[in-house]
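In: Just the structure for this:
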Amino acid sequence: MGFFEVPYTVLLLNLLMVVCSVFQCCAIGLDANNTARLLVDASQTSGRPIPGTLFGIFFEEINHAGAGGLWAELVNNRGFEAGGPNTPSNIDPWSIIGDESSLIVSTDRSSCFERNKVALKIEVLCDGKGANICQPGGVGIYNPGFWGMNIEQGKTYKVVLYVRSSGSINITVSLVSSNGGQMLATNNIIASASDISNWKKVEILLEAKATNRNSRLQLTTSRKGVIWLDQVSTMPLDTYKGHGFRTDLVEMLAHLKPRFFRFPGGCFVEGDWLRNAFRWKETIGPWEERPGHFGDVWNYWTDDGLGYFEFLQLSEDLGALPIWVFNNGISHNDQVDTSSVLPFVQEALDSIEFARGSPNSTWGSIRAAVGHPEPFDLRYVAVGNEDCGKKNYRGNYLKFYSAIRYAYPDIQIISNCDGSSQKLDHPADFYDFHIYTSSNNLFSMAHTFDHTSRRGPKAFVSEYAVNTEEAGTGNLLAALAEAGFLIGLERNSDIVNMASYAPLFVNINDRSWNPDAIVFDSSQLYGTPSYWVQCFFTESSGATLLNATLQTDSITSLIASAITWKNSVDNKNYLRIKIVNFATDVVNLKISVDGLDPHTTRLSGSTRTVLTSDDLMDENSFVEPKKVVPTQTKLENAGMDMNIVLSQKSFTSLDLLKESIHLEMTGSDPSIRSSI
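Out: Numbering: from 1, shown residues only. Reported below is the predicted structural model:
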């Protein structure tokens, strides 16, 4: 954002300056070689707009990010389908309460749901009286969720299940501690044989009377008979905006103010084999009817409660534009010939109609039926993921491109092929750029797009991170390299229109990829330093990029940028200068801001935010979740010329408040005032 034009003779601009700490007031002991200068041109004519979509987030179902994470379902393998459609099925992590003399548990294909036929059969051999008396508390099954259910006192949980039996039942539904010793909440399902001779849906609300971070759901009985169970779900009522998402995890995403949301992968979209690829049509509609599938790339089952509709809903909840990545007939190990890819093309067209079609259209009506009559704001689609080198990709891509461009001319289409160093040989609106590398290499790649052609498709850096061994499980070193890379993207935002870190989430119990931005388990979470780096860029999308020039003699470890932006909270304008010092030496940086009114008089509301730590290898953890986080201090006595001491291996952001002031000028009409 530029400065306001004021049609009066006198303008006084109130700009800010950085406070001098004890170490900043004089750079005593600094070698001349460790001195640099930053020139910022803050004049109205120097800036250019940054795309409103520059920084966003990318979600992949990896590390149990969705199943057991973002999606708030507490039951793991709720339909007993983790072994696939055949029986006997894999019912893990369900476990049996009792022994072979008291019950027999098996699976059969008697479910009332056509797309997931497996049901659990429990033959209860014991009873409440007689020769074979059930153990105290009864026999049955329990589910520990995803490495323990987090049950909190005072919160209400909705249990839904389907049941049938040849006789009457009395089933106790309970939330208990992991060993069953502590009762947290309980209720009973009591029904006559006539009521449940056919499948019956039962819903129960359980209010927790205590808190236990490692709990389980259990279903028990002391009545002899045969019971079938299917589609057993437990969800907290207090999900994000009531849409089924785990609140604390989504709030971490909302804090990033993402402008786009790419989903659902990643390799998850492709699958090791096409039979295990993500198929959106099987993830919509009532959750009980979703067959689920085995994600064979990351090796776990998902019930697909977090499906295509939910991804679109979460994009809307975050105020982010959805970027839908669909399978283009290619997996890691098999692929569809271009001559046979039209069914995949039609599936993609149907997915766009589901998101954008009117409630009267074929697929738009299905979206309306599940509770969203208004279309979603889908503007971007990606044709596959990392498939450019595959034999059939270009042929398949062109089929998708032609069909989508004809049906939806405004949809922006993203190619998997990298166009940063050479021109694409096919049409596209964006090309996808992925980079996982060492810290030194990523920092140096801040200049990757400096000489990229400004003609043709824009760049989408949809996956980036330092992921070598030096990054640990997410440390300061990796974060600083990523910060330098992002400043480079910001400076090249005329060609780079979107960027997102990957992976976004990791459940600490299933770390398939390392490092990640947000670490969690069933009850707690923290952001890695890489997460906090992204917070420095939350205001960059849609801001104005200023011309910022570094002058150094021998220092190659500095990179900086400057923007102006408007804070939607206080409705004030700021100038933000970001600097990464990737060196192991302290640097004395002299900042000169030009293009502002020379009569700036005072400063208020300015801040300095720094991300650093005692050791480059420092990480956050559940024990120390804020060991490496940004620290903010107020700035005083600033001007347009500032001396800033940059700590070694640090990321510094200066927010300078451009405050409106009104002054009465001597000898002038007191009714004439100037303000900025």
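In: biggest strand in the protein by residues?
Out: The residue-count maximum for a strand in the chain (DSSP state E) belongs to strand 225-236.
In: and it, what does it pack onto?
Out: With contacts defined as 3 or more Cβ pairs under 8 Å, 6 or more residues apart in numbering; DSSP states H and E, the packing partners of strand 225-236 are strand 119-124, strand 156-165, strand 169-177, strand 212-221. The way it works is simple: take the backbone N, C-alpha and C, and place the C-beta from them, glycine included.
In: for the ones you listed, which one ends up most surrounded?
Out: Highest mean neighbour count among the helices and strands packed on strand 225-236 (mean count of other Cβ atoms under 10 Å): strand 212-221, with a mean of 23.
In: helices or strands up against that strand?
Out: Helices and strands touching strand 212-221, by 3+ Cβ pairs under 8 Å, 6+ apart, are strand 139-143, strand 149-151, strand 169-177, strand 225-236.
In: nearest to residue 514, of the ones you listed?
Out: Evaluated with Cβ to Cβ, the helices and strands packed on strand 212-221 place strand 149-151 nearest to residue 514, the distance being 23.7 Å.
In: For that closest one, which strands pair with it and how are they oriented?
Out: Applying DSSP bridges, strand 149-151 is found paired with strand 212-221 (antiparallel).
In: Please state the mean pLDDT value computed over the strand it pairs with.
Out: What strand 212-221 shows for mean pLDDT is 98.
In: Tell me, please, where in the stretch 1-150 of the chain the pLDDT is lower than the cut-off.
Out: 1-33 (pLDDT under 70).
In: on that earlier part again, so which of the helices and strands packed on strand 225-236 is nearest residue 259?
Out: strand 156-165 (33.4 Å).
In: what's the closest one packed up against?
Out: strand 169-177, strand 183-191, strand 200-207, strand 225-236.
In: Flag every buried residue along the last one.
Out: Taking 16 or more other Cβ atoms under 10 Å as the basis for neighbour counts, the residues of strand 225-236 that come out buried are 225, 227-236.
In: so how far is that strand off the chain centroid?
Out: Centroid separation for strand 225-236 versus its chain: 31 Å, with Cα atoms, centre = their mean, to the nearest Å.
In: which residues in the stretch 301-450 of the chain form helices?
Out: All helices of the stretch 301-450 of the chain, identified by DSSP state H, counting those that start in this stretch, fall at 308-318, 342-356, 362-369, 393-407, 439-444.
In: which secondary structure elements does the last one contact?
Out: Which is helix 439-444. With contacts taken as 3+ Cβ pairs under 8 Å, 6+ apart, helix 439-444 sits against strand 458-466, helix 476-491.
In: List the contacts of it.
Out: Identification of contacts with helix 439-444 by Cβ atoms under 8 Å, 6 or more residues apart in numbering yields 435, 464, 466, 468, 470-471, 477-478, 480-482, 484-485, 557, 559, 580, 582.
In: Would you tell me which one of the helices and strands packed on helix 439-444 is buried the most?
Out: helix 476-491 (a mean of 27).
In: And the average pLDDT for that one is what?
Out: In this model, helix 476-491 has an average pLDDT of 98.
In: ok and that helix relative to strand 458-466, angle-wise?
Out: Going by axes from the mean of the first three to the mean of the last three Cα atoms, to 10 degrees, helix 476-491 is angled at 170 degrees with respect to strand 458-466.
In: And the following helix or strand past helix 476-491, what does it pack against?
Out: Using DSSP states H and E, the helix or strand that directly follows helix 476-491 along the chain is strand 496-499. Applying 3+ Cβ pairs under 8 Å, 6+ apart, one finds that strand 496-499 makes contact with strand 458-466, helix 476-491.
In: Residue 131: which element?
Out: Per DSSP H and E, there is no helix or strand for residue 131.
In: Neighbours of it, how many?
Out: 6 (other Cβ atoms under 10 Å).
In: Now do the helices in the stretch 501-650 of the chain.
Out: Counting by DSSP H, counting those that start in this stretch, the helices of the stretch 501-650 of the chain are 529-535.
In: Would you format the buried residues of strand 225-236 as CSV with pLDDT included?
Out: Below are the buried residues of strand 225-236 laid out as CSV (pLDDT from 0 to 100):
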residue, pLDDT
225, 97
227, 98
228, 98
229, 98
230, 98
231, 98
232, 98
233, 98
234, 98
235, 98
236, 98
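In: Looking at the residues you listed, which is nearest residue 148?
Out: Nearest member of those to residue 148, counting by Cβ to Cβ, is residue 234, at 12.9 Å.
In: so how far is residue 96 from the nearest residue to that closest one once chain neighbours are set aside?
Out: In this structure, residue 234 finds its nearest non-sequential neighbour in residue 74, 4.3 Å apart by Cβ to Cβ, 6 or more residues apart in numbering. In this view, residue 74 and residue 96 are 19 Å apart by Cβ to Cβ, to the nearest Å.
In: Quick check: residue 336 touching residue 396?
Out: Yes: under the criterion of Cβ atoms under 8 Å, residue 336 makes contact with residue 396 at 7.2 Å.
In: hey, C-alpha coordinates of the longest strand of the chain in PDB?
Out: Extracted in PDB, the C-alpha atoms of strand 225-236 (Å, rounded to 0.1, in the frame of the first residue of the first chain):
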ATOM      1  CA  GLY A 225     -26.600 -63.200  22.800                       C
ATOM      2  CA  VAL A 226     -25.300 -62.200  19.400                       C
ATOM      3  CA  ILE A 227     -24.700 -58.500  18.500                       C
ATOM      4  CA  TRP A 228     -23.600 -56.900  15.300                       C
ATOM      5  CA  LEU A 229     -22.000 -53.500  15.400                       C
ATOM      6  CA  ASP A 230     -20.900 -51.100  12.600                       C
ATOM      7  CA  GLN A 231     -19.800 -47.500  11.900                       C
ATOM      8  CA  VAL A 232     -18.900 -46.600  15.500                       C
ATOM      9  CA  SER A 233     -18.100 -42.900  15.800                       C
ATOM     10  CA  THR A 234     -17.100 -40.600  18.700                       C
ATOM     11  CA  MET A 235     -16.800 -36.900  18.100                       C
ATOM     12  CA  PRO A 236     -16.400 -33.900  20.400                       C
END
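In: could you check the angle strand 169-177 makes with it?
Out: Using the same axes, to 10 degrees: strand 225-236 against strand 169-177 is 40 degrees.
In: residues in contact with residue 387?
Out: 270, 328, 330, 393, 416.
In: what about the third one, how many neighbours?
Out: This points to residue 330. What residue 330 shows, counting by other Cβ under 10 Å, is a neighbour count of 28.
In: re the thing from before, would you confirm that the residue nearest to residue 234 contacts residue 144?
Out: No: the criterion here is Cβ under 8 Å, and residue 74 misses it with residue 144 at 9.5 Å.
In: out of the two, which sits in the more crowded spot?
Out: residue 74 (27 against 20).
In: three-state assignment of the more buried one?
Out: The assignment at residue 74 comes out as coil when based on DSSP: H, G, I helix; E, B strand; the rest coil.
In: ok, it to residue 535 distance?
Out: For residue 74, the distance to residue 535 - Cβ to Cβ - is 30 Å.
In: can you pull the contacts of the residue nearest to residue 508 when sequence neighbours are not counted?
Out: Spatially, and ignoring its direct neighbours in sequence, residue 508 is nearest to residue 521 (5.2 Å; Cβ to Cβ, 6+ apart). With contacts defined as Cβ under 8 Å, 6+ apart, the neighbours of residue 521 are 147-148, 507-509, 622.
In: and of those, the nearest to residue 63?
Out: Looking across these and measuring by Cβ to Cβ, the closest to residue 63 is residue 507, at 5.7 Å.
In: what bridges to that closest one?
Out: With DSSP bridges as the rule, residue 507 is bridged to residue 520.
In: before we move on, back to that, so which of the helices and strands packed on helix 439-444 gets nearest residue 51?
Out: Closest approach to residue 51 among those (Cβ to Cβ): strand 458-466, 8.2 Å.
In: so how far is residue 157 from the residue nearest to residue 589 when sequence neighbours are not counted?
Out: Nearest residue to residue 589, sequence neighbours excluded (Cβ to Cβ, 6+ apart): residue 644, at 4.7 Å. Per Cβ to Cβ, residue 644 is found 52 Å from residue 157.
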